[in-house]
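Engineer: Mind looking at a prediction? Sequence and model below.
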Amino acid sequence: MNSEKILREIADELHNSRDRKKTHFKMHERIDQLSNDKKFIHESLLNCISTKKFFSNATNLFFYLLIEGDVIIAINIFPPNSNNMNDITHDNIHHHGWRLLSTSVISGQGYDTISFKKKSHENRDENRVLLEVEENYTHTKGGTKFLDSEQAHVVFHPKSTAATLAIWSADHPIKTQKIKKMFKRFPMINKYLSYTARSMGLSDLFGLNSTKGNYFHPEGGIIVETRNYSKPHDGSVNEIVPCMFKFFEQIQFNDKKYFDKILNDNTQDVQNLCNNLIQGEPLQDNGISGDARRRFSKNQILDALNYN
Ligand SMILES: [Fe+2]
């Protein structure tokens, strides 16, 4: 097993393709297989957590496995809401600009999500964003789901932690030079992602070139564009690291040798999590509190869409 080779093959296949959307669909079975391939997931994770100060900088819910050109391959954790609120958004309604996304559930029961018709967020009636629902469903294990470029969607906190394997690429071939310009803040490295790349949130990657907004939310019974959206991180290290360990427990990423080398570099809290994980003690699934400004209920959204 050489997880790096597999990741690079996926990136190459996308980079060499003229019809990116078609290539995503062609890969769907493979992505689903990889999300179930413990060896692949374990090896990829091990590469991530072995990078220097991984846990001390863990403030977002991603493990970036590869960032190369316009392709991003990551594991994304979806924890529950620590306030025990049901059907609460994990983030605002948003779209990923020019990026395509294929995603498959690795662990947990998945999450509820609503996807909207591509570009329907561009239709407006004054302040009202006339989003049209395409699908209101639960993304569960088995099968890869696809999100088109400029296709808005919203994800709700699950009741217990879920994780996905996510593959993003541009929706059309982009010249390397242009990509470098677009990402001049982020170094284009793949083998050992720099600190900047490892610690960035997805909003850093997606707030690009959108004239009709990237983020939306319900307000006063209608959907409006979110102004001044800011999401520097998903939570504090104290919240995020236990979510990561809950995910490790779910996928039996609990071999002592995975953690031996890093134990001494970490705080007592992380060491305790490591020891509990290795010894098979059940870990808590407390989730994250999130940000009150990004917390909306499913009903609030469906009401604003006149969908209920
Ligand atoms: Fe998204």
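Structural biologist: Received it, and whenever you're ready, just let me know what you need.
Engineer: what about residue 87, how many neighbours?
Structural biologist: Using other CB atoms under 10 Å, residue 87 has 16 neighbouring residues. The C-beta positions use only the backbone N, C-alpha and C, and glycine is treated the same way.
Engineer: I should have written residue 56 there, sorry.
Structural biologist: 13.
Engineer: how much space between it and residue 6?
Structural biologist: 28 Å (CB to CB, to the nearest Å).
Engineer: ok, now which ones touch residue 29?
Structural biologist: Contact criterion CB atoms under 8 Å, 6 or more residues apart in numbering gives residue 144 as the residues in contact with residue 29.
Engineer: State the phi and psi torsions of it.
Structural biologist: phi -70, psi -40 (degrees, to the nearest 10).
Engineer: Relative to residue 102, how far out is it?
Structural biologist: With distances taken as CB to CB, residue 29 is found 11 Å from residue 102.
Engineer: for residue 94, same thing?
Structural biologist: Noted for residue 94: a distance of 17 Å to residue 102, by CB to CB.
Engineer: Please enumerate the strands of the stretch 1-150 of the chain.
Structural biologist: For the stretch 1-150 of the chain, applying DSSP state E, counting those that start in this stretch gives strands covering 62-68, 71-78, 93-94, 99-107, 111-116, 124-125, 128-129, 133-139, 144-147.
Engineer: What pairs with the fifth one, parallel or antiparallel?
Structural biologist: Within its sheet, and counting by DSSP bridges, strand 111-116 is paired with strand 133-139 (antiparallel), strand 153-155 (antiparallel).
Engineer: chain center to it, what's the gap?
Structural biologist: Its chain's average C-alpha position is 14 Å from that of strand 111-116, according to CA atoms, centre = their mean, to the nearest Å.
Engineer: ok and that strand relative to strand 71-78, angle-wise?
Structural biologist: 130 degrees (axes from the mean of the first three to the mean of the last three CA atoms, to 10 degrees).
Engineer: how about strand 111-116 as CSV, C-alpha atoms only?
Structural biologist: Coordinates of the C-alpha atoms in strand 111-116 are reproduced here as CSV (Å, rounded to 0.1, in the frame of the first residue of the first chain):
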residue,chain,number,x,y,z
TYR,A,111,-25.2,13.7,8.0
ASP,A,112,-28.4,15.4,6.7
THR,A,113,-27.9,17.9,3.9
ILE,A,114,-29.8,19.9,1.3
SER,A,115,-28.4,20.6,-2.1
PHE,A,116,-29.8,23.3,-4.3
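Engineer: Show me what stretch 74-86 is in contact with.
Structural biologist: Contacts to stretch 74-86, defined as CB under 8 Å, 6+ apart, come from residues 41, 44-45, 61-65, 88, 90, 103, 106, 108, 111, 155, 157-166, 168, 239, 243-244, 246-247, 285-290, 295, 297.
Engineer: for stretch 163-181, what is the average pLDDT?
Structural biologist: Stretch 163-181 comes out with an average pLDDT of 82.
Engineer: cool, stretch 118-130 as well?
Structural biologist: 95.
Engineer: Same question for that stretch: list its buried residues.
Structural biologist: For stretch 118-130, the neighbour count (16 or more other CB atoms under 10 Å) marks 118, 120-121, 129 as buried.
Engineer: How far off centre is it?
Structural biologist: Counting by CA atoms, centre = their mean, stretch 118-130 is centred 25 Å from the centre of its parent chain.
Engineer: Just the endpoints, please. Distance across that stretch?
Structural biologist: 12 Å (CA to CA, to the nearest Å).
Engineer: how much space between the most centrally placed residue in the chain and residue 155?
Structural biologist: Closest to where the C-alpha atoms of the chain average out (CA atoms, centre = their mean) is residue 76, at 3.8 Å. Noted for residue 76: a distance of 10 Å to residue 155, by CB to CB.
Engineer: Ok, residue 302 next?
Structural biologist: Residue 302 is 15 Å from residue 155, by CB to CB.
Engineer: more neighbours, these two?
Structural biologist: residue 155 (21 against 16).
Engineer: mind checking pLDDT for that one?
Structural biologist: At residue 155, pLDDT is 97.
Engineer: still on that earlier bit, nearest to residue 218, out of the strands paired with strand 111-116?
Structural biologist: For residue 218, the closest of the strands paired with strand 111-116 is strand 153-155, at 9.9 Å, according to CB to CB.
Engineer: which outside residues touch the closest one?
Structural biologist: Under the contact criterion CB under 8 Å, 6+ apart, strand 153-155 has outside partners 78, 89-95, 111-116, 147, 301.
Engineer: Please consider this matter closed, and thank you.
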